[in-house]
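Engineer: What follows is a predicted structure for the sequence shown.
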Amino acid sequence: MGRIRSPGIALRLIRATVLLLACLPGLAAAQAPRIGVATMQPGEIFFERFGHNAIVVDDPALPGPLSYNFGFFDLSEEGFVGRFVAGDMQYMLAVLPFEQDLAYYRDVGRGVSIQWLDLPPERARALADALATNARPEHARYSYDYFTDNCSTRVRDALDQALDGLLRERLHASAGPGPHTWRSEAVRLASPAPWMWLGFDLGLGPRADVPLTPWQEAFVPMRLADSLRTLRLADGRPLVAAEQVLLPHRIAPEPPVTARPWWPYALAGLALAAGIVLLGRRRPRVLAGLALPFWGACVVVGALLVFLWCCTAHWSAWGNHNLLVYGPLCLLVLPGGWRLARGRAPGRWFGPSLAVVAVAAMVALVLHLATGAQANLRWIALVLPVHAALWLALRGARAGMTAGG
């Protein structure tokens, strides 16, 4: 969702300039500003897939509208990559002329719309003052979280504070969970990039499958805009007084919500299993050679899932049930598979190791059917038949290789 500003000197100069303007005497007594929420459609770079938003303050006392944008980060900062991997990314609130902010989206073809809010003058002024304070260098930085503390939730929270909690009350307390989850929204918005949606779907654990209220769904800027559009103030007036499109969207639109059935994955897994059993009867060495990259990939994926769980702050990846399917247990079968592929007896522990891997995948299926805690049935249906077929096809390879020797 963010915007790169690297090096950070230009960004600090912009903030310092606007801060100086905000401190000029007489501004507080000026006419109340107009407040808007600008929503930017998804872009083509991976960190732009979720869309973006910002709060616009149109203060008559200033030369033009200002954009308060919570999505800036600086790649040139020391240790940025390490913090990114560990889940300790530092984002910042930047304030810049709204026209300057729009220029970037115009250049890359991303659509921008704005919702002008019907806030009482005193609340509009309080929000503008709070944003100016938040934009000061000592307050601007925050620890970014993809789902619970990002550029859109910061916009949501600032509006909620200005409305004395009305936004939370209407979107959270009075509305039950809906059909969407952090996983479903992440996979949907990342779907144009196969590597990205695959990483989300395999890497997210059961905590990403909690049904979301509209308040939680507001981590997606477009969802927040939808909620603001329907919200009414305490006196019954719509919160959004006017809405307009500022820039047309010229690139691929936001991906729609689509069903993701498990049965095509099951059919693919069963087809692979049938081929594995047939090949194992005739060419166990060939099958072992083909299985080695698969087992190796499972070990790598499993190691990454363990790393995310044990060594990072990415809470949404913790306790991932896919460890039972694509887990490090496949490391047990690699030595025997390597010996078998070279025409040697795989060893006495090869068959039991294959069984352990298959049983672990079966446990994942039972766990899913019993609890439904994690939406990973597609991946179980694809890989469980493969693990089971490899066990059936290669469990007797030791005896066959010994007789042949």
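Structural biologist: Looks like it arrived, so ask away.
Engineer: Next up, the contacts around the residue lying closest to Gly111 once chain neighbours are set aside.
Structural biologist: Of all residues not flanking Gly111 in the chain, His249 sits nearest, at 2.8 Å (CB to CB, 6 or more residues apart in numbering). Just so you know, the C-beta spots here come from the backbone N, C-alpha and C atoms, and that holds for glycine as well. Listed by CB atoms under 8 Å, 6 or more residues apart in numbering, the contact partners of His249 are 41, 109-111.
Engineer: May I ask which two of these are separated the most?
Structural biologist: Pairwise distances across the contacts of His249 peak at 9.2 Å for Gln41 and Gly109 (criterion: CB to CB).
Engineer: neighbour count winner among these two?
Structural biologist: Higher neighbour count among Gln41 and Gly109: Gln41, with 23 against 15, using other CB atoms under 10 Å.
Engineer: how much space between that one and Trp116?
Structural biologist: Between Gln41 and Trp116 the computed distance is 19 Å (CB to CB, to the nearest Å).
Engineer: what does Ala259 give?
Structural biologist: Computed as CB to CB, the Ala259 to Trp116 distance reads 36 Å.
Engineer: So if I had to pick from those two, which one is more boxed in?
Structural biologist: Trp116 (16 against 4).
Engineer: Just the buried residues of the helix or strand where that one lies, please?
Structural biologist: Trp116 is part of strand 112-117 when elements are defined by DSSP states H and E. Neighbour counts using 16 or more other CB atoms under 10 Å place 112-117 of strand 112-117 among the buried residues.
Engineer: JSON lines for those residues, including distance to Ala130 and pLDDT?
Structural biologist: JSON lines is the format used below for those (distance: CB to CB, whole Å; pLDDT from 0 to 100):
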{"residue": "Val112", "distance to Ala130": "24", "pLDDT": "98"}
{"residue": "Ser113", "distance to Ala130": "24", "pLDDT": "98"}
{"residue": "Ile114", "distance to Ala130": "20", "pLDDT": "98"}
{"residue": "Gln115", "distance to Ala130": "19", "pLDDT": "98"}
{"residue": "Trp116", "distance to Ala130": "19", "pLDDT": "98"}
{"residue": "Leu117", "distance to Ala130": "15", "pLDDT": "98"}
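Engineer: now for the residues you listed, which pair is the farthest apart?
Structural biologist: The widest separation within the buried residues of strand 112-117 (CB to CB) is 16.4 Å, between Val112 and Leu117.
Engineer: So Ile251 sits against Tyr105, correct?
Structural biologist: No. With contact defined as CB atoms under 8 Å, Ile251 does not reach Tyr105; the gap is 10.6 Å.
Engineer: Among these two, which residue is more densely surrounded?
Structural biologist: Tyr105 (21 against 13).
Engineer: I figured the more buried one hits Met40, correct?
Structural biologist: Yes. Contact criterion CB under 8 Å: Tyr105 and Met40 qualify, at 5.5 Å.
Engineer: shared neighbours, these two?
Structural biologist: What both Tyr105 and Met40 touch, as defined by CB under 8 Å, 6+ apart, is the set 111-112.
Engineer: that older thread, tell me the strands beside the strand holding Trp116, with direction?
Structural biologist: strand 34-40 (antiparallel), strand 240-247 (antiparallel) (DSSP bridges).
Engineer: Out of these, which one sits most buried?
Structural biologist: strand 34-40 (a mean of 25; mean count of other CB atoms under 10 Å).
Engineer: So, low pLDDT: which residues of this structure?
Structural biologist: Residue ranges of the chain with pLDDT under 70: 1-30, 173-176, 398-405.
Engineer: quick revisit: tell me if I am right that the residue nearest to Gly111 is in a strand.
Structural biologist: No. According to DSSP: H, G, I helix; E, B strand; the rest coil, His249 belongs to no strand; its state is coil.
Engineer: Pretty sure Val356 sits against Leu331.
Structural biologist: No. Proximity of Val356 to Leu331 does not meet the contact threshold set by CB under 8 Å, at 10.9 Å.
Engineer: neighbours of Ala370, just the number please.
Structural biologist: Neighbour number of Ala370 under other CB under 10 Å is 8.
Engineer: swap in Arg348?
Structural biologist: Arg348 - counted by other CB under 10 Å - has 10 other residues nearby.
Engineer: Against Val240, how distant is it?
Structural biologist: 71 Å.
Engineer: show me the contacts for the most centrally placed residue in the chain.
Structural biologist: Geometric centre of the chain, nearest residue: Ala186, 4.5 Å, by CA atoms, centre = their mean. When contacts are counted by CB under 8 Å, 6+ apart, Ala186 touches 50, 146-147, 197, 200, 204, 208.
Engineer: Which parts of the stretch 51-200 of the chain are helices?
Structural biologist: 80-86, 98-108, 121-134, 151-162, 166-168, 182-190, 194-203 (DSSP state H, counting those that start in this stretch).
Engineer: now these in a markdown table, with distance to Ala297?
Structural biologist: Formatted as a markdown table, the helices of the stretch 51-200 of the chain follow (distance: least, CB to CB, whole Å):
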| stretch | distance to Ala297 |
| --- | --- |
| helix 80-86 | 20 |
| helix 98-108 | 35 |
| helix 121-134 | 45 |
| helix 151-162 | 34 |
| helix 166-168 | 44 |
| helix 182-190 | 20 |
| helix 194-203 | 11 |
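Engineer: and Pro63, which of the ones you listed is closest to it?
Structural biologist: Among the helices of the stretch 51-200 of the chain, helix 98-108 comes nearest to Pro63, with 10.2 Å by CB to CB.
Engineer: If you count contacts, what does the closest one end up packed against?
Structural biologist: Helix 98-108 sits against strand 34-40, strand 52-58, strand 66-73, strand 240-247, with contacts defined as 3 or more CB pairs under 8 Å, 6 or more residues apart in numbering; DSSP states H and E.
Engineer: If we go by neighbour counts, what in the strand or helix carrying His368 is buried?
Structural biologist: With secondary structure defined by DSSP H and E, His368 is part of helix 350-371. Neighbour-count burial for helix 350-371 flags 350-351, 353-358, 360-362, 364-365, 367-368 (criterion: 16+ other CB under 10 Å).
Engineer: Let me know the closest of those residues to Ala393.
Structural biologist: Leu354 (9.1 Å).
Engineer: does the closest residue to the closest one other than its chain neighbours sit in a helix or strand, and which one?
Structural biologist: Closest residue in space to Leu354, ignoring its immediate chain neighbours: Trp391 at 4.1 Å, by CB to CB, 6+ apart. Take DSSP H and E as the rule and Trp391 turns out to sit in helix 377-394.
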